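>>> What follows is a predicted protein model with its sequence.
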Amino acid sequence: MPEKSNLDQIVGNAVTRALDNCLPELQQHLVRTLLAELPAHVAALSSAGNEGAANAAENGTPDLLRHVAAVQTGSTQREILRTLLDGVENYCGRCVLFVVKSGASTGWQGRGFENNDEIKDFEIDVRSGLAADAMQT
């Protein structure tokens, strides 16, 4: 019979592998379940006289929920950021994402600009001014 610490390690590794296999499916199930429940909740609020919820239901809440779900199901940073940017693009004329790494903020991708590729050469100084305030708060 294996030692207790050896047995703990074997069981721990087996549980980790099982969870690694199940987590993506569980995540998708949770997103689908929540998306199914949210429209019903918004409808209930609007029938109770909540004007904000009624406006949200009329102004594209299902689309917004679909975009949020798409971001939630992303598995890599690149996929999540691209999905987020694609979703935001539906609600504004121009948008850009900056990535902050090692104290520097660099343009990642943009949409709706004359030359979207130039965003990648744009940097924001996050050590002073409004950008510094935003980073600190």
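That came in fine, so what should we check first?
>>> what's the neighbour count on residue 67?
By other Cβ atoms under 10 Å, the residues close to residue 67 number 19. For every residue, glycine as well, the C-beta is placed using N, CA and C.
>>> correct me, but it touches residue 80?
No - applying Cβ atoms under 8 Å, one finds residue 67 not in contact with residue 80, separated by 11.9 Å.
>>> Which secondary structure element is home to residue 100?
strand 95-101 (DSSP states H and E).
>>> Quick check: mean pLDDT of that strand?
For strand 95-101, the per-residue pLDDT values average out at 90.
>>> Ok, stretch 120-136 next?
87.
>>> who touches it?
Contacts made with stretch 120-136 from outside it, assessed by Cβ atoms under 8 Å, 6 or more residues apart in numbering, are listed as 96, 98, 100, 103-109.
>>> for that stretch, which positions count as buried?
Across stretch 120-136, burial judged by 16 or more other Cβ atoms under 10 Å covers 124, 126.
>>> got the end-to-end distance for that stretch?
Using Cα to Cα, to the nearest Å, the gap from the first to the last residue of stretch 120-136 comes to 24 Å.
>>> what two of the contacts of stretch 120-136 have the greatest distance between them?
Based on Cβ to Cβ, the longest span within these runs between 103 and 109 and measures 20.8 Å.
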